[in-house]
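[1] Need a 3D model of the following:
(chains A, B and C)
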Amino acid sequence: MPELPEVEVVRRGLERWVAHRAVAGVEVLHPRAVRRHTAGADDFAHRLKGHRVGVARRRGKYLWLPLEDSGQAVLAHLGMSGQLLVRPHEAPDEKHLRIRVRFADTLTSAAGAAGGTELRFVDQRTFGGLSLHDTSEDGLPDVIAHIARDPLDPLFDDEAFHQALRRKRTTVKRALLDQSLISGVGNIYADEALWRSRLHYDRPTAGFTRPRTLELLGHVRDVMNAALAVGGTSFDSLYVNVNGESGYFDRSLDAYGREGLPCKRCGTPMRRRPWMNRSSYFCPKCQRVPRASS
DNA sequence: CAAGGCTCCTGATAGC
DNA sequence: TGCTATCAGGAGCCTT
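    Alright, predicted model coming up:
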């Protein structure tokens, strides 16, 4: 499942392979893939055509391609299974190909290494999608104004995050997944950061001390940077990579998916608990359940 | 208004 | 063998 590190790998691929290319045509093969574009698939395709895309940007799990000199951007979210692939245009369609973007340079010979490729949005479970939006002065698409900066953003405000935790009547994993407080963290990296911090997922945040918040943030950043480092090495020149469905970082996971396996710190069998229509993995010894309190 | 829960979707897998 | 149930889960939206 693509979380911040996976999306950043995709962003780097887009920066390398599609920046400054002009859109020649767009094919929407599944309407659900553009459901956030309320004017519909035809409008999406027509309005994209002819624009040159800029350098891909990212906030949390969202990424977007600015359209040069237009004040607009193509916003992308990969959902659970979305992929943005740069593929030779003659390559056979993927089974779950939803959107195809052709570039003008494939029609000429001036494209160099980028020639002959197109951008494909492939998504099995269709939770992801593309859409076109106006951008604000800082380039942010207007529909994601409510998404907080992510922990790898130099302008992320640690102190404001701490104060938000203190203020809220919530628990720590809910807070980590709340994209309006901190973006880019999903179920996997939440469990990993909590394990590293020795925190139980249901611990209330109201009593967090500043050192506790800062330690948690440190672990969030560490685990994301570690995943990012591995993702970088698996980068393939013809893909805007990240097969979102797990893979390269699996070997490095300390908590997620390790039910019944020994805790890598203390050897106690790890547990899985149903939580918010998903699962939480934790060590029952290292990550004690907080005492019930008001 | 904040917090929690529901729902969209497809395919792999388990169980009978 | 072939069916049904379960699980994976991001985030908008609805309810409490």
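[2] Check what contacts stretch A:182-189 and list those residues.
    Under the contact criterion C-beta atoms under 8 Å, 6 or more residues apart in numbering, stretch A:182-189 has outside partners A:1-5, A:7, A:59-62, A:147-152, A:156, A:161, A:175-177, A:193, A:220, A:223-224, A:227, A:253, A:256, A:278-280. Every residue, glycine included, has its C-beta placed from N, CA and C.
[3] Can you select the buried ones among the residues you listed for me in PyMOL?
    What follows is the PyMOL syntax selecting those of the contacts of stretch A:182-189 that are buried according to 16 or more other C-beta atoms under 10 Å:
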select buried, chain A and resi 1+2+3+4+5+7+59+60+61+62+147+148+149+150+151+152+156+161+175+176+177+193+220+223+224+227+253+256+280
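[4] Among the contacts of stretch A:182-189, which ones lie close to DNA strand C?
    If you filter these for contact with DNA strand C, counting by C-beta under 7 Å from any atom of the strand, you are left with A:Met1, A:Glu3, A:Gly60, A:Lys61, A:Tyr62, A:Leu177, A:Tyr256, A:Arg278, A:Ser279.
[5] Can you name the residues of chain A that neighbour DNA strand B?
    A:32, A:80, A:95-96, A:124-127, A:168-171, A:174, A:276-277.
[6] tell me the two of the residues you listed that are most distant?
    Considering C-beta to C-beta, no two members of the residues of chain A next to DNA strand B lie farther apart than A:Lys95 and A:Arg169, which are separated by 45.0 Å.
[7] just how off-centre is stretch A:180-197 within its chain?
    The offset between the C-alpha centroid of stretch A:180-197 and the centroid of the whole chain comes to 12 Å, using C-alpha atoms, centre = their mean, to the nearest Å.
[8] CA atoms only for that stretch, dumped as PDB, please.
    Output of stretch A:180-197 as PDB, limited to C-alpha atoms (Å, rounded to 0.1, in the frame of the first residue of the first chain):
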ATOM      1  CA  SER A 180      -5.100  16.900   8.700                       C
ATOM      2  CA  LEU A 181      -2.600  16.600  11.600                       C
ATOM      3  CA  ILE A 182       0.300  14.900   9.900                       C
ATOM      4  CA  SER A 183       0.100  13.500   6.400                       C
ATOM      5  CA  GLY A 184       1.700  10.600   4.600                       C
ATOM      6  CA  VAL A 185       1.400   8.000   7.400                       C
ATOM      7  CA  GLY A 186      -0.700   5.000   6.700                       C
ATOM      8  CA  ASN A 187      -1.400   1.800   8.600                       C
ATOM      9  CA  ILE A 188       2.000   0.200   7.900                       C
ATOM     10  CA  TYR A 189       4.300   3.000   8.900                       C
ATOM     11  CA  ALA A 190       2.000   3.900  11.900                       C
ATOM     12  CA  ASP A 191       2.500   0.400  13.300                       C
ATOM     13  CA  GLU A 192       6.200   0.600  12.600                       C
ATOM     14  CA  ALA A 193       6.700   3.900  14.300                       C
ATOM     15  CA  LEU A 194       4.600   2.900  17.300                       C
ATOM     16  CA  TRP A 195       6.700  -0.300  17.700                       C
ATOM     17  CA  ARG A 196       9.900   1.700  17.600                       C
ATOM     18  CA  SER A 197       8.400   4.100  20.100                       C
END
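[9] May I see the buried residues of that stretch?
    Judged by neighbour count using 16+ other C-beta under 10 Å, the buried positions of stretch A:180-197 are A:181-197.
[10] follow-up on the earlier one: which of the residues of chain A next to DNA strand B are buried, as a ChimeraX select command?
    Buried residues within the residues of chain A next to DNA strand B, by 16+ other C-beta under 10 Å, are selected in ChimeraX with:
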select /A:96,124,126,171,174
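[11] Just to be sure, which of the residues of chain A next to DNA strand B are found in helices?
    Under the assignment DSSP state H, the residues of chain A next to DNA strand B contribute A:Arg174 to helices.
[12] For the residue in the stretch 1-150 of chain A positioned nearest to DNA strand C, give me its contacts.
    Relative to DNA strand C, the nearest point of the stretch 1-150 of chain A is A:Lys61 (3.8 Å; C-beta to the nearest atom of the strand). A:Lys61 makes contact with A:Pro2, A:Glu3, A:Leu4, A:Val7, A:His77, A:Leu78, A:Gln179, A:Ser183, A:Gly184, A:Gly186 under the criterion C-beta under 8 Å, 6+ apart.
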